[in-house]
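*Asks:* Need a 3D model of the following:
(one chain, ligands or ions: 1)
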Amino acid sequence: MLSIKELDYMDITDITALAQAHNCLNGKLAGSSVCLAFLEPSTRTQLSFSLAAQQLGMDIGYFDRKNSALEKGEDFVESFKAIEDIGFDCIVLRYSYSWLFEELNEKIDIKIINAGDGEREHPTQALVDWYTIKQEFQSSNGYFDAAGLKVAIVGDINYSRVAKSLIYLLNERGANVRILPKYTFESDSMLLNIDNPFKYMDEVVDWKPDIIYMLRDQKERWDGQPGPYFYADDHFQLGPEHLQGAKIMHPGPVNIGSEIVNSDIIDHPDSLIRKQARNGVRVRKAVIVREFQK
Ligand code: CP
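*Replies:* I've put the predicted structure just below:
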């Protein structure tokens with residue numbers, strides 16, 4: 001699974017149902033193997049994929065930059081062909097540049113799951129977020145319809161792969177998504193229906209969103225400067241004065257003191273940030289199982 005665009009409504013419903021019943025998946029993929037190839041730092045995604053694969057009973061290999069033959073100058077694609085030759089069934093890949101995902105998709109013949117692709121996509125984070133939103137907003141019989149759900153996404157939209165996958169998914173499901181971009185942003189095929197951006201945090205709050213989704217500055221992807229600032233930094237900071245009923249989300253890692261004023265917000269009753277992290281394992285178990293069902 002390289003893109004959230006590959007998933008239709010039934011796929012998302014299946015993944016959500018598998019995640020809901022994740023304990024039943026334990027041991028289901030015994031005898032299968034996965035290589036976790038994280039060529040860019042990660043805490044939540046890497047560790048939740050690792051725990052998910054363990055619970056599924058899979059054999060797990062780890063591939064990174066410093067401790068692999070990449071360090072000796074091996075070509076990227078050749079390294080991944082070696083992973084295929086060794087006998088892995090699946091690669092979970094995070095890398096800073098999208099070209100590698102496209103090359104591998106053409107040149108190797110094993111399953112690839114996108115665990116964060118440059119500034120382009122982070123589909124499993126979008127699925128974790130979708131699952132978390134459903135948990136929060138579903139009716140007592142488990143029915144959830146995102147149509148009309150008001151979601152404000154605030155921060156460095158341009159460089160955020162999380163924002164792109166999530167905005168695409170929410171728009172496809174009929175949610176009402178608006179953004180408060182911290183920097184000027186470029187149009188992108190993932191950023192659908194985002195006319196009428198907000199300029200101030202107060203406008204976001206006055207809109208009475210169901211969810212305020214905060215993003216950190218993706219400094220590691222900036223080429224020097226991120227582009228013109230719309231306003232000073234604190235125009236984009238979520239503080240206690242903005243907690244007026246909306247649920248607060250953030251994919252992590254949070255830069256405390258930057259986009260979120262302090263850690264009290266993370267632990268506030270309206271915050272879903274820890275739930276997002278807690279849902280990582282079950283959703284990634286579901287994604288892996290579904291990949292093996294194809
Ligand atoms: N949300 C997310 O991708 O976090 P990590 O970088 O810690 O994996």
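*Asks:* residues of stretch 171-180 that come out buried?
*Replies:* Across stretch 171-180, burial judged by 16 or more other Cβ atoms under 10 Å covers 171, 172, 173, 175, 176, 177, 178, 179, 180. C-beta coordinates here come from the backbone N, C-alpha and C atoms, glycine included.
*Asks:* Other residues contacting that stretch?
*Replies:* The contact list for stretch 171-180 (Cβ atoms under 8 Å, 6 or more residues apart in numbering) reads 9, 12, 130, 145-155, 157, 163, 167, 170, 185, 192-194, 196-201, 203-204, 207, 209, 236.
*Asks:* And the buried ones among the residues you listed, selectable in PyMOL?
*Replies:* Buried residues within the contacts of stretch 171-180, by 16+ other Cβ under 10 Å, are selected in PyMOL with:
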select buried, resi 12+130+146+149+151+152+153+154+155+157+163+167+170+185+194+198+201+204+209+236
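*Asks:* Let me see the contact set for residue 115.
*Replies:* Contacts of residue 115 by Cβ under 8 Å, 6+ apart are 36, 38, 42, 45, 46, 49, 92, 93, 94, 122, 124.
*Asks:* close enough to count as contact, the fifth one and residue 94?
*Replies:* Yes - taking Cβ atoms under 8 Å as the definition, residue 46 is a contact partner of residue 94 at 7.4 Å.
*Asks:* For the stretch 151-294 of the chain, just list every one of the strands.
*Replies:* Secondary structure of the stretch 151-294 of the chain by DSSP state E, counting those that start in this stretch: the strands cover 176-181, 211-214, 247-249.
*Asks:* Just the contacts of stretch 171-180: which are in helices?
*Replies:* Among the contacts of stretch 171-180, DSSP state H puts 9, 12, 130, 163, 167, 170, 201, 203, 204 in helices.
*Asks:* what is in contact with residue 46 and residue 94 at once?
*Replies:* Common neighbours of residue 46 and residue 94, using Cβ under 8 Å, 6+ apart, are 38, 115.
*Asks:* element containing the residue most central in space within the chain?
*Replies:* Note on the chain: the residue nearest the mean C-alpha position is residue 125, at 2.2 Å, using Cα atoms, centre = their mean. Following DSSP states H and E, the helix or strand that holds residue 125 is helix 123-137.
*Asks:* Show me which residues of the stretch 101-250 of the chain sit near the ligand.
*Replies:* Taking Cβ under 6 Å from any ligand atom, the part of the stretch 101-250 of the chain that reaches the ligand is made up of 116, 122, 125.
*Asks:* For the second one, grab phi and psi.
*Replies:* Backbone torsions of residue 122, given as degrees, to the nearest 10, read phi -140, psi 70.
*Asks:* Identify the residues contacting the closest residue to it other than its chain neighbours.
*Replies:* Nearest in space to residue 122, with sequence neighbours left out and distances taken as Cβ to Cβ, 6 or more residues apart in numbering, is residue 161 at 4.2 Å. Going by Cβ under 8 Å, 6+ apart, residue 161 touches 116, 117, 118, 119, 120, 121, 122, 125.
*Asks:* Low-confidence regions, the stretch 1-150 of the chain specifically.
*Replies:* Counting by pLDDT under 70, the stretch 1-150 of the chain shows no low-confidence range.
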